[in-house]
Every structure is written in C-alpha cells, then in structure tokens.
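> Fold the stuff below for me.
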Amino acid sequence: MAEEADKEVSLTSGDEKAPAIAYGETGYTGLVTLGGQVWEECSHELRWPRAYKTFKLMSTDDAIAPALEFVEGKVAEATWSVKIPKGAPKEREAELKAQQKFLTEVMEDMRHSWNHAIKGAATFNRYGFSVLEMVFRFRNKKYGSKYNDGLVGIEALSARSQGTIVKWYWKDKGREIAGFDQRVIIPTEGNLVSYDGWEIMQQTVDRSTTVKYIPMKKCLHFRHNPQNDSPSGTSPLVSAWQPWKMKTAYQESEAIGVAQDNNAFKILFLPPEYLVEDRDPDRAASFEMYTRMMERAHQAKQSGFILPMLVDNEGNKMFDFEIKNISGTKSYDVNAIINRYVRAIQVALFADVLSLGGGSGGSYSLAESKVSIIDMAVKSRLNEIKDQLNHKLVKTLFEQNGWSTDVMPYFDFDLPNSESLESVGKYLQQTAATGLIPLVPEVVNFVLARVGIDYRVPDDTPPEKLREMMTNFTSESGGGMKSGLNGSNGDGTGSSGDPNTANQGSK
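Sure, this is the predicted structure:
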C-alpha cells in the first residue's frame, strides 16, 4: 500500500459531462467609488484625499508618533535575503542559484539603499497604503549600475507620496486597479537661487503643476487591511482617530483651565447707563474701550487699568475692577481622562507596551506577552511587503529578462527575536535535558547566532567533534522527568523537583 501511495498519478480531464457553470467573476467587491475617489468612510476627515492631512496631523501627536515609529522601526530591523523554494527541480538548481545571486545583487544595485525602499513601503502603516514605482534600467555601468551584464535590473523603488494621489482608475468593470493620477508641483528651469554665504541673494520662483498617470503594473502597491479591495486600504490610525480627537479636546480644555487659574477671572464694574442698548455715543465708545481693555488683560497684554474716580450719592465707586481667583478641586481628573485616551491610542496601534513602567506600571510577564502581540503586528506588515516583492517585483524582473516564472527565487525576511535570552535559555535547557534537541551543527549555530556570537561551526562537523567542543557541562533540569515527578507515578529524582534556572550542573 505504501508503494502504491508513493506513485505519482497524472490527472487529466475525464469523460464525465460537467454541469453548466459560468466561469470567471460574476459579482463585484462592493467598493463605493465616485469620480475616482473611495467613499467608504463615513467621516469626511477620514476620506481620501482629506484623510492624508488628518493622518499627517495625527502623526505629530505626542502619543501617536512614538507608537508609529515603534512599529515601523521594528519593521526596518528585519533583515532580507533571497531564497530558493524547497522542492525546486534538481535540473534547475544551477539556474536558480544564479537567479538567486541576481536578486541579491538587485538589492545592492539601486541608487538608494534597500532599507530606504523598505521604509518607504512601511508608510502604509500610518496612511493605509503606500506605492513604490519600479524604475528599471539595463545593468550597464554607463547607466550607473555596478554590473555590466546587460540584464534588466532596478534603478530605484521610488516612493510616491500618498498626498499627491488624486484619482484612482479601475479596469475589468471595476474589479482591478489599473492605475492612478499623481498631481505634483515641479520646479521648471526658470527656478534659480543664488547664494552669498548663508544669505539668499536671488530667487526666481517658476513652478508648474502637472498630473501624471502612473499604471499600476509599474508599481508595488502595499495596503493595510484593504476592505472591499480598496486601493487606499485602511489606516491603523482610523481606530485611533476618535480617542485622538477626545484627547486633543481635553488637552485644550486643560490648557484653558490652567490659563484661567493663572490669570484669574476679571470683573469690571460700570454704571448701568454704560450697559444699556440705547446709550449715547460717548458711553458706547467708552464701553468698547473697556471691552478691549479686558481682552488685553486676559491675554496678558495689559498690566493695569486706569479708571475714573467717581462715586454715587452713598459713596460707592461707580467704576471698579476686581480679580476673582479660581480655585478648588474639580469633580473629575482631566489628567486621568487624557491618560485613558492615550492608552486607547496605543492599544489601537499595537504599541501599549510603551506605557508599561509608567504610571500604573506593569509586570515583566505582561511585557513579554505584549511584545509577542507587537511581533505579530510587525510580521503582518512585513508579510505584506514580502508578498508584493515576490508577486510583483520578482515576476516583473523575470519577465523583462525573458526568464521562466514557473519557479522563482523569493525574498524573505528574518525578524530579530524579541524573546529574552533567559527564556530562550530555559527552553533550550529543558528540551536538551530531555533529549528533544539533537547535537548537530545547525542547532549549535542557531544558539550561537541567537546570543550574538559570530563564530559558526562547520556544517560537516561530526557529533563526536561537537561533544569535544562543548564545555562538558550537563544540566540536571530534566532529571525529574526521567523516572517521574514527586506526587505522580514513578520515582522522582528530587525532593521538590528541579528549579530550572537554579539547577546544579555536574562535570
């Protein structure tokens, strides 16, 4: 039976008549568009192109900026390499290795760094989408390439600002994005500036506005959560928008309250005849003057008042000025409300670990679990970048060079592990003590790389040689597992079990 299961069976079309069914797509994504714009969002502040200004303003907030930089910084920490898919045909091994080397060279043969392109792509983390235009060139030194083989390479992966994209185009009756219009202000040849040291001596401003149509086949299009296949995706800032507005409003309220507490509340007493609507022109002019005086005093632009010394028949002043000090506790804590919205913003952006240790604090185990959630969000962003690189960039390069696209090398990333060395050490110690990890060069090199040691054991090192290279330290962390634990079936090796990190080793 096993031999029969291993046999390869080639499937062909059968003789049975298939039931009638319509091939191809029948329905639509349901995306609501009007005039090349997406109208999915209910709030006009979150609808493109206005959303660009909203997200850009939000990105300057003291709670949002660190959260965005935190996630995007971890995306930039990833290291990229080119790999050959497993199970590739043996007869194409040499060809695939040459193509792997070609793609590795592409990463280093652009007019900007590879990391610069990754950072440009990662801006979809704040705007919901990002577009990089693929700029091709022949790999000749006269065109600026490091190589001279005449193959088609990449000169640049140039970012196209989200704020300059003004219109989207679709094809296949709205089922596929065809391209977009980009409106930019470009300087012309008449734009001249001359300098004398640090001083600008002359400047002739001559600019023109242009709209360029860019087809999507020339672009890498990165999107976050593209609901209904929206070309603008869904920015993570959308979920942080409401708490950000509330936080901003309470901060302004707090600032006004502090200003009023510091400046106090000013009262100016005037005779009734200055306040009636049918007052004479002189009193009306005096009233306007006193109003301006109060405004300047509130703005701290006036240090004092000069008032007429007039008294009524009973000796009371007709003109008087009084300052009321506003003091006393409020029925609510504005600072606590603001901090609540800050935490809501950080949770929405997968960066609430930034608040651990401040205010209410947080445990070490909680921080580890939060880091795991952040790594999940970061890997989601990196997988979106990886998919576009492999499905668009690699395929387009292979097509331009006339190569087969059935099996291709692919870009992959390696994200630095956020787990502590202590937790990794516990895992390795416990699994090695119970015989679950083989002593082979791959395992040893993994441990060396994890702890940051550059040395690597040769891949052909035999197990006997590896044992000689070890420090002869053996762990007893798994001793209690060999014959059973106390309180269970079998004989335990210790009175209270092995404490893992404090276990004693033997030589």
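
> May I ask you to confirm that residue 120 belongs to a strand?
No: using DSSP: H, G, I helix; E, B strand; the rest coil, the assignment for residue 120 is helix, not a strand.

> helix, strand or coil for the closest residue to it other than its chain neighbours?
Spatial nearest neighbour of residue 120, excluding adjacent residues (C-beta to C-beta, 6 or more residues apart in numbering): residue 159 at 3.6 Å. Where C-beta positions appear, they are placed from N, C-alpha and C, glycine not excepted. Put simply, residue 159 is strand when judged by three-state DSSP.

> Tell me who's in contact with residue 159.
117, 120-121, 123, 130-132 (C-beta atoms under 8 Å, 6 or more residues apart in numbering).

> How about it: which residues does it bridge to?
residue 132 (DSSP bridges).

> The nearest residue to residue 307 once chain neighbours are set aside: neighbour count?
Residue nearest to residue 307 in three dimensions, not counting chain neighbours: residue 319, with 4.3 Å by C-beta to C-beta, 6+ apart. Residues lying near residue 319 (other C-beta atoms under 10 Å) number 17.

> just the contacts of residue 159 now: which is nearest residue 223?
Proximity of those to residue 223 (C-beta to C-beta) peaks at residue 130, which lies at 8.2 Å.

> Surely the closest one and residue 162 touch.
Yes: between residue 130 and residue 162 a contact is recorded at 6.8 Å, counting by C-beta atoms under 8 Å.

> any idea how far the residue nearest to residue 120 lies from residue 232?
16 Å (C-beta to C-beta, to the nearest Å).

> Quick one: list the elements packing against the longest strand along the chain.
Ranked by number of residues, the top strand in the chain under DSSP state E is strand 176-187. When contacts are defined as 3 or more C-beta pairs under 8 Å, 6 or more residues apart in numbering; DSSP states H and E, strand 176-187 sits against strand 165-171, strand 207-215.

> residues in contact with the last one?
The reference is to strand 207-215. 131, 133, 160, 166, 169, 178-188, 191.

> That strand: what's the following helix or strand?
As assigned by DSSP states H and E, the chain's next helix or strand after strand 207-215 is strand 219-223.

> For that following strand, C-alpha coordinates in CSV please.
Listed next in CSV are the C-alpha coordinates belonging to strand 219-223 (Å, rounded to 0.1, in the frame of the first residue of the first chain):
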residue,chain,number,x,y,z
CYS,A,219,4.2,49.9,-9.1
LEU,A,220,4.4,48.0,-5.9
HIS,A,221,1.1,48.6,-4.1
PHE,A,222,1.2,47.9,-0.3
ARG,A,223,-2.0,48.0,1.7
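
> what ranges do the strands span in the stretch 1-150 of the chain?
Assigned by DSSP state E, counting those that start in this stretch, the strands in the stretch 1-150 of the chain fall at 33-34, 37-38, 79-83, 129-138.

> Just the CA trace of the third one, in PDB.
This points to strand 79-83. Output in PDB follows, covering the C-alpha atoms of strand 79-83 (Å, rounded to 0.1, in the frame of the first residue of the first chain):
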ATOM      1  CA  THR A  79      17.000  41.500   7.500                       C
ATOM      2  CA  TRP A  80      16.200  40.500   4.000                       C
ATOM      3  CA  SER A  81      17.600  37.700   1.900                       C
ATOM      4  CA  VAL A  82      16.800  35.700  -1.300                       C
ATOM      5  CA  LYS A  83      16.000  32.000  -1.000                       C
END
